[in-house]
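A.B. asks: no sequence on hand, only this structure:
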């Protein structure tokens, strides 16, 4: 891979870049799914059909097709976290299909819970919840993508070591920076709804939801504002070192993670977002 990562990425498709990275650093990719990934994958996907969707309007159509097939209750909010409803399947574990998977039943249940506290209709609530879940999982994609670029530049496996030595051992603890950053990233993304009044109510609902999340996830408020960049720099250091580093990273690749990687590839456009029904 020649030149700056962002220059290269802008000229090729994501699957092409992944295949080239696999050829360049094959040991960076594994068929051995981590335990945390396996549990989340079974909960969100299981034996359900995964339908690729390009936007939230596709989700509406699928809901209309399936609304008479199943009853959707109100989800238990206490102790909730995104991976109970959505899951990012990393391309580093060589799946047949990788990307963001969102559970339809859970999506509808969360939307109905939001309806109870707002004057918004179901579809406005669903758009809000969909974006929150999608952007949380997109942040995990950002980490996955950064790791692949670093592996291609450094010619060594990175993501799998980080996953097994940092992410998995710290999951559901305050030492897990990635989940707090993913929630902060999603929190900042859900800003646009038709009604300002509804937005304030929806934001309050979302704040309550995230504040009652387990450790790690509920640290998102620490990473809002200027602290986001500082924490992300620390995450870069953890990813590259596969250790619980408490210091920021000065590696040149840091700029790609912080400033550029989230700009590359529209996962919906590339058919990497799935609704599990």
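C.D. replies: Cool, the structure landed. All figures in this text were calculated on a predicted structure; none of them were measured in a lab.

A.B. asks: and the longest helix for the protein?
C.D. replies: helix 122-154 (DSSP state H).

A.B. asks: against residue 141, how distant is the nearest residue to residue 24 once chain neighbours are set aside?
C.D. replies: The spatial neighbour of residue 24 that comes closest, neighbours along the chain excluded (CB to CB, 6 or more residues apart in numbering), is residue 152 at 5.6 Å. For every residue, glycine as well, the C-beta is placed using N, CA and C. Taking CB to CB, to the nearest Å as the measure, residue 152 falls 17 Å from residue 141.

A.B. asks: what about the two, which has more around it?
C.D. replies: residue 141 (24 against 19; other CB atoms under 10 Å).

A.B. asks: this protein: strands as residue ranges?
C.D. replies: 50-52, 86-89, 99-103, 273-276 (DSSP state E).

A.B. asks: where does pLDDT dip in the stretch 151-277 of the chain?
C.D. replies: Applying pLDDT under 70 to the stretch 151-277 of the chain flags residues 192-196, 247-253, 256-265.

A.B. asks: again, only this time at 80
C.D. replies: Low-confidence segments of the stretch 151-277 of the chain, defined by pLDDT under 80: 191-197, 245-266, 269.

A.B. asks: ok and the longest helix of the chain relative to strand 99-103, angle-wise?
C.D. replies: 150 degrees (axes from the mean of the first three to the mean of the last three CA atoms, to 10 degrees).

A.B. asks: report the distance from helix 122-154 to the chain centre.
C.D. replies: From the chain centre to the centre of helix 122-154 is a distance of 4 Å (CA atoms, centre = their mean, to the nearest Å).

A.B. asks: now do the buried residues in it.
C.D. replies: Across helix 122-154, burial judged by 16 or more other CB atoms under 10 Å covers 124-153.

A.B. asks: for stretch 86-106, same thing?
C.D. replies: Judged by neighbour count using 16+ other CB under 10 Å, the buried positions of stretch 86-106 are 86-93, 98-106.

A.B. asks: now do stretch 107-124
C.D. replies: 107, 108, 109, 110, 111, 112, 113, 114, 115, 118, 120, 124.

A.B. asks: now those as TSV including pLDDT and distance to residue 163?
C.D. replies: As requested, these are exported to TSV (pLDDT from 0 to 100; distance: CB to CB, whole Å):
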residue	pLDDT	distance to residue 163
107	92	26
108	90	31
109	88	29
110	91	27
111	91	31
112	89	34
113	89	31
114	91	32
115	91	37
118	86	37
120	87	37
124	90	36
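
A.B. asks: residue contacts, residue 97?
C.D. replies: 50, 89, 274 (CB atoms under 8 Å, 6 or more residues apart in numbering).

A.B. asks: quick one, phi/psi of it?
C.D. replies: Backbone torsions for residue 97, taken as degrees, to the nearest 10, come to phi -120, psi 130.

A.B. asks: distance check, the nearest residue to residue 213 once chain neighbours are set aside against residue 137.
C.D. replies: Nearest non-adjacent residue to residue 213, counting by CB to CB, 6+ apart: residue 81, 4.7 Å away. Per CB to CB, residue 81 is found 12 Å from residue 137.

A.B. asks: okay, now residue 207: neighbour count?
C.D. replies: 13.

A.B. asks: still on that earlier bit, can the buried residues of stretch 107-124 go into JSON lines with extra columns for distance to residue 245?
C.D. replies: Listed next are these as JSON lines, based on distance: CB to CB, whole Å:
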{"residue": "107", "distance to residue 245": "35"}
{"residue": "108", "distance to residue 245": "40"}
{"residue": "109", "distance to residue 245": "38"}
{"residue": "110", "distance to residue 245": "34"}
{"residue": "111", "distance to residue 245": "39"}
{"residue": "112", "distance to residue 245": "42"}
{"residue": "113", "distance to residue 245": "38"}
{"residue": "114", "distance to residue 245": "37"}
{"residue": "115", "distance to residue 245": "43"}
{"residue": "118", "distance to residue 245": "41"}
{"residue": "120", "distance to residue 245": "42"}
{"residue": "124", "distance to residue 245": "42"}
